[in-house]
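1. return a 3D structure for these sequence lines:
(2 chains)
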Number of protein chains: 2
Amino acid sequence: MCSPLAPINILVTIDANYLKPLQVMLKSLFLSSPSEIFQIFLMHSCLSPSEVNEIDTFVRYNGHSLFEIKIDERCFCDAPLTKHYPKEMYYRLLAFRFLPAQLDRILYLDPDILVINPIKELYYTDLSGWMFAAAFHDILLAKEINRLRFRKYDIKEYFNSGVLLMNLDILREQVDEQEIYNFIEENKNNLILPDQDILNSLYSKRIKKLDEFLFNYDVRYFKSRQIVAKKRLSMDYIINNIVILHFCGRRKPWHNNYSGAFHSLYKHYEKLTFNNQFHI
Amino acid sequence: MCSPLAPINILVTIDANYLKPLQVMLKSLFLSSPSEIFQIFLMHSCLSPSEVNEIDTFVRYNGHSLFEIKIDERCFCDAPLTKHYPKEMYYRLLAFRFLPAQLDRILYLDPDILVINPIKELYYTDLSGWMFAAAFHDILLAKEINRLRFRKYDIKEYFNSGVLLMNLDILREQVDEQEIYNFIEENKNNLILPDQDILNSLYSKRIKKLDEFLFNYDVRYFKSRQIVAKKRLSMDYIINNIVILHFCGRRKPWHNNYSGAFHSLYKHYEKLTFNNQFHI
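-> Numbering: from 1, shown residues only, chains lettered A, B, ... in the order given. Model prediction:
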């Protein structure tokens, strides 16, 4: 396990559509853990040099380090893609192959996230014997859909892959790449959330369960009629305790027509990100 | 007029119920104008020494100065009071009497406010010839009620006194204290928002009109069915341009049962205020 004095390793994988949201997510991460040093690993296949430079400048200006990992375009070229699930989403499954050998853990974060409290407890979760740590979203609808789709794979819990802590030593030893390719080949017409489906189908028993409210809070839980969480949290509790707000679903807080309980907070972080206001 | 290098003078007048909201308001003010130095003048009659000390410690810890102005309890003792409008609300009308002679301007701010963008433009508004600068809330309901109540005073516009920039030189010269006492005596059964009613009845023609959206934005304008603003602003515009969010009305964002579009943002500032997070 890393020493608490070591840098915190963060993995992100985006295409050009997520350049701005990625910076907002990173800004919120930096601000909520002001005494940590971060190493950001940016895996991609299609960002331009100027786009990578934009992220690099931003990360360095905030006092942290960026490492670019450019992936060969032929990887996963037969995997199913949709508008909302670009190819980069697969990369996290095989990230361990592309990361420096001395890294023993890394935290993957989706770009549609705000980190609003310190990340340390999540990052240093004990991973002994586990491949990953993640939260499963206990939404009846999602569980039912996925139980039906993947019944032959004996999935008891359906994890969300948007916040994924990786035990790189175990992944290097035990992940069989061919198994992933076979799974994609067998299921390519049946994948809705491709990398998340693969993760759950092949590795759900190797994933340590995180508290979904603290570490991957689906913002739609707050006062939604469509998606009802088992636990109702107050705004006071959320702001003071929740580490990660996840803007799941198709409606995103950087879209013009978005509305939601955390819209003002998201726009606040967006302002801090792009107005170079480093005091707040 | 003050030089832009001089400290910015802020007037606040609270009772013990508003100790916490006052600190949140001040924290948002300090964070949104990080290069300014503030002098906070706290007028009160009934705060305990430990309560004043709490505010003083907070303001000094944030790098600014507090000046206590304790008011004789006999001032305004016959003025009408309600639970929601404590005696301190009158103080701003005669604040000029209690402030140091060298001050030429001061900005009064209610405690149910967030300042989310730099205050400089508002503070240095040209006040030549004006007693005050304030915004009037162009709400049909409020205008109608107040037109009826004060028809004999020929009020064309009804200003909100929650954000009130004062020209202290003119106030010292021209405000007739006896006129205020006479007005209270004549109208004490008819005052709903006491100090605001007095301000509008006696001085509305001496108040320079501020942009109500930029400098005193009633948060109930945002998606309310009850109160319809003439102009609909997007969350993006509000967060990047509006200087002052004013949580008008009885429902306040520090109450447990509050809900509203700026609840998450308010709770965020509340966390920054009381968790000693000086990095964000």
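2. mind listing what the residue of the stretch 101-250 of chain A found nearest chain B touches?
-> Nearest to chain B in the stretch 101-250 of chain A, going by Cβ to the nearest Cβ, is A:Ile239, at a distance of 3.9 Å. To be clear about C-beta, it is placed using only N, CA and C from the backbone, and glycine gets the same treatment. Counting by Cβ atoms under 8 Å, 6 or more residues apart in numbering or on different chains, A:Ile239 makes contact with A:116, B:264, B:267-268, B:270-271.
3. ok, now with 10 Å
-> A:Ile239 makes contact with A:116-117, A:233, A:245, A:262, A:265, B:263-272, according to Cβ atoms under 10 Å, 6 or more residues apart in numbering or on different chains.
4. helix or strand: which one has it?
-> helix A:235-241 (DSSP states H and E).
5. buried ones in that helix?
-> A:235, A:238-240 (16 or more other Cβ atoms under 10 Å in any protein chain shown).
6. so which residues of the stretch 51-200 of chain A form strands?
-> A:65-70, A:105-109, A:113-115, A:132-136, A:159-167 (DSSP state E, counting those that start in this stretch).
7. mind listing the helices for chain A?
-> A:19-32, A:49-61, A:95-98, A:120-123, A:140-149, A:168-174, A:177-187, A:194-203, A:212-215, A:235-241, A:263-274 (DSSP state H).
8. need the least confident one among these, by mean pLDDT.
-> Lowest mean pLDDT within the helices of chain A: helix A:140-149, a mean of 55.
9. grab the nearest non-local neighbour of the residue of the stretch 101-250 of chain A closest to chain B.
-> B:Lys267 (3.9 Å; Cβ to Cβ, 6 or more residues apart in numbering or on different chains).
10. now for that neighbour, how many residues are close by?
-> With neighbours defined by other Cβ atoms under 10 Å in any protein chain shown, the count for B:Lys267 comes to 23.
11. same question for A:Phe183.
-> 16.
12. kindly report the same for A:Pro194.
-> Neighbours of A:Pro194 using other Cβ under 10 Å come to 23.
13. and it, how far from A:Phe132?
-> 17 Å (Cβ to Cβ, to the nearest Å).
14. stretch A:113-128 near chain B anywhere?
-> Yes: Stretch A:113-128 comes into contact with chain B (Cβ under 10 Å from any Cβ of the partner chain), by way of A:114, A:116-118.
15. centre of the chain versus that stretch, how much separation?
-> 12 Å (Cα atoms, centre = their mean, to the nearest Å).
16. you'd agree A:Ser128 is up against A:Asp104?
-> No: counting by Cβ atoms under 10 Å, A:Ser128 does not reach A:Asp104; the two are 11.7 Å apart.
17. for A:Arg92, the count of nearby residues, please.
-> 24.
18. list the beta-bridge partners for the closest residue in space to it that isn't next to it in sequence.
-> Distance criterion Cβ to Cβ, 6+ apart; nearest residue to A:Arg92, sequence neighbours excluded, is A:Tyr108 at 4.9 Å. Here A:Tyr108 sits in beta bridges with A:Leu11, A:Leu164, going by DSSP bridges.
19. hang on, isn't A:Tyr108 packed against A:Ile14?
-> No: assessed by Cβ under 10 Å, A:Tyr108 is found out of contact with A:Ile14, at 11.6 Å.
20. need the residues touching each of the two.
-> A:43, A:91.
21. chain center to stretch A:184-202, what's the gap?
-> On Cα atoms, centre = their mean, the centre of stretch A:184-202 falls 17 Å from that of its chain.
22. return the residues in contact with A:Ile55.
-> Applying Cβ under 10 Å, 6+ apart, the residues near A:Ile55 are A:12, A:14, A:19, A:22-23, A:26, A:40, A:42, A:44, A:47, A:66, A:68.
23. among those residues, which are within reach of chain B?
-> Answer for the contacts of A:Ile55 near chain B: none qualify (Cβ under 10 Å from any Cβ).
24. filter those residues to the buried ones?
-> A:12, A:14, A:19, A:22-23, A:26, A:40, A:42, A:44, A:47, A:66.
25. ok, those residues vs B:Arg220, which is closest?
-> Among those, A:Gln23 lies closest to B:Arg220 (Cβ to Cβ), at 32.4 Å.
26. just checking, that closest one touches A:Leu66?
-> No: between A:Gln23 and A:Leu66 there is no contact under Cβ under 10 Å: 11.3 Å.
27. find residues that contact each of the two.
-> A:55, A:58-59.
28. which among the buried ones among the contacts of A:Ile55 gets closest to B:Ile184?
-> Of the buried ones among the contacts of A:Ile55, the one sitting nearest to B:Ile184 (Cβ to Cβ) turns out to be A:Gln23, at 55.0 Å.
29. quick one: contacts for the closest one?
-> A:54-55, A:58-59, A:62, A:111, A:269-270, A:273-274.
30. so how far is chain B from it?
-> 16 Å (Cβ to the nearest Cβ, to the nearest Å).
31. quick one: which of the buried ones among the contacts of A:Ile55 is nearest A:Tyr91?
-> Nearest to A:Tyr91 among the buried ones among the contacts of A:Ile55, with distances taken as Cβ to Cβ, is A:His44, at 8.0 Å.
32. hey, what's the closest one bridged with?
-> Beta-bridge partners, per DSSP bridges, of A:His44: A:Lys70.
33. let's see the pLDDT reported for it.
-> pLDDT, A:His44: 90.
34. with the one 3 residues further on instead?
-> Model confidence at A:Leu47, given as pLDDT, is 92.
35. once you drop chain neighbours, what's closest to it?
-> For A:Leu47, the closest residue by Cβ to Cβ, 6+ apart turns out to be A:Ala16, at 6.1 Å.
36. show me what contacts that neighbour?
-> Contacts of A:Ala16 by Cβ under 10 Å, 6+ apart are A:44, A:46-48, A:51, A:86.
37. between the residues you listed, which is nearest B:Tyr124?
-> Using Cβ to Cβ, A:Glu51 is the member of the contacts of A:Ala16 that lies nearest B:Tyr124, at 40.2 Å.
38. check contacts around the closest one.
-> A:14-16, A:19, A:42, A:44.
39. those: which two are farthest apart?
-> Counting by Cβ to Cβ, the most remote pair of those is A:Ala16 and A:Leu42, 12.4 Å apart.
40. residue numbers of the stretch 151-280 of chain A in contact with chain B?
-> A:219, A:222-223, A:234-240, A:245, A:253-254, A:256-272, A:274-275, A:277-280.
41. mind checking which of those are buried?
-> Using 16+ other Cβ under 10 Å, the buried ones in these are A:219, A:222, A:235, A:238-240, A:245, A:253-254, A:258, A:260-272, A:277, A:280.
42. could you pull out the buried residues of stretch A:175-189?
-> Taking 16+ other Cβ under 10 Å as the criterion, stretch A:175-189 shows A:175, A:180, A:183-184, A:187 as buried.
43. redo those as a markdown table? Include distance to B:Phe159.
-> Below are those laid out as a markdown table (distance: Cβ to Cβ, whole Å):
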| residue | distance to B:Phe159 |
| --- | --- |
| A:Val175 | 67 |
| A:Ile180 | 67 |
| A:Phe183 | 68 |
| A:Ile184 | 66 |
| A:Asn187 | 66 |
